[in-house]
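# need a structure here:
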Amino acid sequence: MSLYCQNISLSEIFNNRSIRKKLPIGDFKEVEKHNKITKNGQLRIFSNQIKSISSAAASKYYKKVKVTRSNRTIIINGELKTSYSKAYNGIYLYVKNKSGLLKSLISSNEVLQTAWLEERKNVSAQKLYLKVSKIKEIKNMNANQLKSLLDDIIDNIRFTDNYPKAKQMLGEKQDANYFVKRQLWMKKVGVRNE
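A predicted model of the protein is given here:
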């Protein structure tokens, strides 16, 4: 029996504002206006994600923490509750622990955006093979679980034919090796050969 189910579409994940900070791939206002996401929009998304992570980390060490961003610098202000070195090290470790998720988001962002926009153009959104069945489960995920979820989403793009433009961006060659990987993925998620 497979742990995977098909209950959530890509659009349901990325259009859900309650998990936008956990999986930021698009600026909703920009997509509605231009039906695409610009490079500047992508940079804003990542810098805001880093700002959000820094704020979450700093709130443990500061009273009334205020986090601002100036170009490529994150500035944390507030009244320290502990020593500066303890706060600095704690914030650094917290952000470092989130780096795997951030790297995954950055490396796959353009593919995810393309797939998201492709799905918006379709009449009915395809459900993804995921280990989660509800958005509520995604809300409670930690950084490692979110990275695993992103990997599962990328596998859905890679091994199904629902997102041709995004799939092409992955640069996967349609050779024998690809079809072996696809068969293994299909077995893993519980897809029956028809």
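
# Could you grab the helix/strand/coil label for the most centrally placed residue in the chain?
In the chain, the residue lying closest to the centroid (CA atoms, centre = their mean) is Leu23, at 3.6 Å. Classification of Leu23 using DSSP: H, G, I helix; E, B strand; the rest coil returns coil.

# so who does it touch?
Leu23 makes contact with 13-14, 105, 138, 146, 149-150, according to CB atoms under 8 Å, 6 or more residues apart in numbering. Placement of C-beta: from N, CA and C, glycine included.

# which residue ranges form the helices in this structure?
With DSSP state H, the ranges of helices along the chain come out as 10-14, 28-34, 39-58, 84-97, 99-121, 135-139, 143-159, 164-169, 176-189.

# And those helices: which comes nearest Tyr4?
Nearest of the helices of the chain to Tyr4, taken as CB to CB: helix 176-189 at 4.1 Å.

# Same question for the closest one: list its buried residues.
182, 185, 189 (16 or more other CB atoms under 10 Å).

# Centre of the chain to it, how far?
Computed by CA atoms, centre = their mean, to the nearest Å, the separation of helix 176-189 from the middle of its chain amounts to 23 Å.

# What is that helix packed up against?
Applying 3 or more CB pairs under 8 Å, 6 or more residues apart in numbering; DSSP states H and E, one finds that helix 176-189 contacts helix 143-159.

# Right, I'll leave it there.
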